[in-house]
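>>> Below are the sequence and a predicted model; questions follow.
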Amino acid sequence: MLYRAEGIVIRSMDYGEGNKIITLCTEKWGKVGVLVRGAKKVKSRHAALTQLFTYGEYVFFRNGTGLGTLNAGEIIESHHSLREDLIKAAYASYACELLDRVLQDEETGAFWFHQLKACLMSLEEGKDPQVISNLYEMKILQTAGYGPELEVCVSCGQSRPDEDMLLSPHLGGVLCRHCKHLDPPAMNISVRTLGLLRLFARLDLRRLGNVDVKDSTKTELKQAMRALMDAQLGLRLKSRNFLDQLDKYNI
């Protein structure tokens, strides 16, 4: 059967002497693997379609749910500038790898697709990559069914003053000080950071404007999202390790 789909390349790997297999996040068909014959050859007309972050229209043959074979394609947005910038490439790679690991084959991909598309576009436009990444992580958690409870205590269900709230990644949300005994390692969190987390929970990446966040708040925000991601998803990602190395050397 012949398929036509808009998709973003979230993984690209060599296959055999001259071929590549790409993984696409598509709006209609979810995550799809496609074989691109001859993509490694110098004069290949399809080589550009296999580049990571490329957004394009792909036409491929596919029997059932197996690997497709590319027939034709057209680039809509190459995101060439993302691949040329070390920082942007690192964050874009993280976004793609995270989605690849969370999104199951054949799972409906419309929302995932639009969030990834908005994430890559925001990175290309020069918006703060860490803020974009943390907002994207929140969308991933929510869509995967692990969105944190940020309005009321996850244990007693009571609404308390923000100053009395802690963050419990293990329990999946905020925990009031009256219930701290249920999770002694629960994290202290500032009112400002809690407010940002709530904003991220409500905000669609496609509506993100320019967000100016103080460095101290960004540090706490990163720690909070990292703890939530680790507790709820527990993924080990090469791209995240690389981001940590960049932070270590202040790149």
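Arrived safely, thanks for sending. Numbers count the residues shown, from 1 in each chain.

>>> Skip the chain neighbours and tell me the closest residue to the residue nearest the centre of the chain.
Centroid check for the chain by C-alpha atoms, centre = their mean gives residue 95 as the closest residue, at 3.4 Å. Leaving aside its chain neighbours, residue 95 sits nearest to residue 119 (4.9 Å; criterion: C-beta to C-beta, 6 or more residues apart in numbering). Backbone N, C-alpha and C define where each C-beta goes, glycine included.

>>> Past the helix or strand harbouring that neighbour, which element shows up next along the chain?
For residue 119, the host element (DSSP states H and E) is helix 110-124. The first helix or strand that comes after helix 110-124 along the chain, using DSSP H and E, is helix 129-143.

>>> Quickly run through the sheet partners of the very next helix or strand once past that following helix, with directions.
For helix 129-143, the following helix or strand on the C-terminal side (DSSP H and E) is strand 165-168. Strand 165-168 has the following strand partners under DSSP bridges: strand 173-176 (antiparallel), strand 187-188 (antiparallel).

>>> hmm, back to that, which other helices and strands contact the helix holding residue 119?
If you count contacts as 3 or more C-beta pairs under 8 Å, 6 or more residues apart in numbering; DSSP states H and E, helix 110-124 packs onto strand 2-15, strand 19-26, helix 80-84, helix 86-102, helix 129-143.

>>> where are the low-confidence patches of the stretch 1-150 of the chain?
Confidence mapping of the stretch 1-150 of the chain against pLDDT under 70 gives the ranges 106, 108.

>>> Highest mean neighbour count across the strands paired with strand 165-168, which stretch is it?
Ranked by average neighbour count under the criterion mean count of other C-beta atoms under 10 Å, the strands paired with strand 165-168 are headed by strand 173-176 at a mean of 24.

>>> I'd guessed residue 73 sits against residue 51; true?
No - contact criterion C-beta atoms under 8 Å: residue 73 and residue 51 do not qualify, at 11.6 Å.

>>> List the contacts of residue 28.
5-6, 109-110 (C-beta atoms under 8 Å, 6 or more residues apart in numbering).

>>> for residue 5, same thing?
Residue 5 touches 24, 26-29, 32, 57-58, counting by C-beta under 8 Å, 6+ apart.

>>> circling back to that earlier point, of the contacts of residue 28, closest to residue 145?
The closest of the contacts of residue 28 to residue 145 turns out to be residue 109 (C-beta to C-beta; 15.4 Å).

>>> Report how many residues lie close to the closest one.
Residue 109 has 24 neighbouring residues, counting by other C-beta atoms under 10 Å.

>>> How about residue 113?
25.

>>> ditto for the one 3 residues further on
Per other C-beta under 10 Å, the neighbour tally for residue 116 reads 26.

>>> how close does it get to residue 6?
Applying C-beta to C-beta, to the nearest Å, the value for residue 116 to residue 6 is 12 Å.

>>> cool, residue 146 as well?
For residue 146 relative to residue 6 (C-beta to C-beta), the value is 27 Å.

>>> Now residue 100. Nearest residue, chain neighbours left out?
residue 10 is the one closest to residue 100 (C-beta to C-beta, 6+ apart), at 4.9 Å.

>>> surely that neighbour meets residue 102?
No - using C-beta under 8 Å, residue 10 is not in contact with residue 102, being 10.9 Å away.

>>> how about the strands paired with strand 165-168 in TSV, adding mean pLDDT and distance to residue 214?
Converted to TSV, the strands paired with strand 165-168 look like this (pLDDT from 0 to 100; distance: least, C-beta to C-beta, whole Å):
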stretch	mean pLDDT	distance to residue 214
strand 173-176	98	21
strand 187-188	96	17
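
>>> Looking at those, which is nearest to residue 199?
Closest among these, using C-beta to C-beta: strand 173-176, at 14.4 Å.

>>> can you dump the C-alpha coordinates of the closest one into CSV?
Only the C-alpha atoms of strand 173-176 are listed here, as CSV (Å, rounded to 0.1, in the frame of the first residue of the first chain):
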residue,chain,number,x,y,z
GLY,A,173,3.1,16.1,42.0
VAL,A,174,3.2,18.6,44.8
LEU,A,175,3.1,17.5,48.4
CYS,A,176,2.0,19.7,51.3
